[in-house]
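# what follows is a predicted protein model with its sequence.
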Amino acid sequence: MVDYHCPVVPESIIVKRARSRSVLRPHRHCVICGAELRSDHHVGDLTCDCHHRSDYAPRCDPQLDRRVLVLLTNAYPEPLNLLRALGTDDRWCIHESVNRWRSRGVTIKGVLHVGYRLGSQP
């Protein structure tokens with residue numbers, strides 16, 4: 001005769017789900033044309049490769065402030081590298097434009113080593 005050991009109180013079997021191995025990132029879109037970006041675009045780089053212009057002179061553009069606000073609005077809630085998005089190296093001009101928006105009451109936060117992010121309104 002075989003003696004099986006049976007638990008006194010029946011125990012329930014708990015099955016846990018396996019951890020997912022892939023981390024799905026939300027799809028990022030270009031702030032200018034809305035096209036889906038490749039996965040190799042890093043934080044702050046939210047523009048397609050076809051939009052990079054090296055001859056853009058922001059000091060000669062009367063619509064610079066409007067462009068800056070539109071780009072930050074399209075990128076919200078993620079930070080955006082405005083220099084790369086506009087295709088310029090003139091940091092001071094972009095910084096002055098951001099400061100003009102800040103003086104008008106628009107909350108724009110600087111993100112270290114990335115660019116700027118549009119904040120929530122006060």
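Ah, there it is.
# only C-alpha atoms for contact and neighbour calcs from this point on.
Fine.
# how about the helices in this protein?
64-75, 82-86, 91-103 (DSSP state H).
# and those helices, which one is worst for confidence?
Among those, helix 82-86 carries the lowest mean pLDDT, a mean of 87.
# using PDB, list the CA coordinates for it.
The C-alpha trace of helix 82-86 is given here as PDB (Å, rounded to 0.1, in the frame of the first residue of the first chain):
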ATOM      1  CA  LEU A  82      14.800  73.900 -30.200                       C
ATOM      2  CA  LEU A  83      18.200  74.400 -31.800                       C
ATOM      3  CA  ARG A  84      18.000  71.100 -33.600                       C
ATOM      4  CA  ALA A  85      14.300  71.600 -34.500                       C
ATOM      5  CA  LEU A  86      15.000  75.000 -36.000                       C
END
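# so how far is the lowest-mean-pLDDT helix or strand in the chain off the chain centroid?
Here the helix or strand of the chain ranked lowest by mean pLDDT, DSSP states H and E is helix 82-86, holding a mean of 87. Here helix 82-86 is found 14 Å from its chain centre; the criterion is Cα atoms, centre = their mean, to the nearest Å.
# helices or strands up against that helix?
helix 91-103 (3 or more Cα pairs under 8 Å, 6 or more residues apart in numbering; DSSP states H and E).
# list the buried residues in the helix it packs on.
For helix 91-103, burial by neighbour count (16 or more other Cα atoms under 10 Å) applies to 93-94, 97-99, 101.
# list the buried residues in stretch 39-47.
For stretch 39-47, the neighbour count (16+ other Cα under 10 Å) marks 44-47 as buried.
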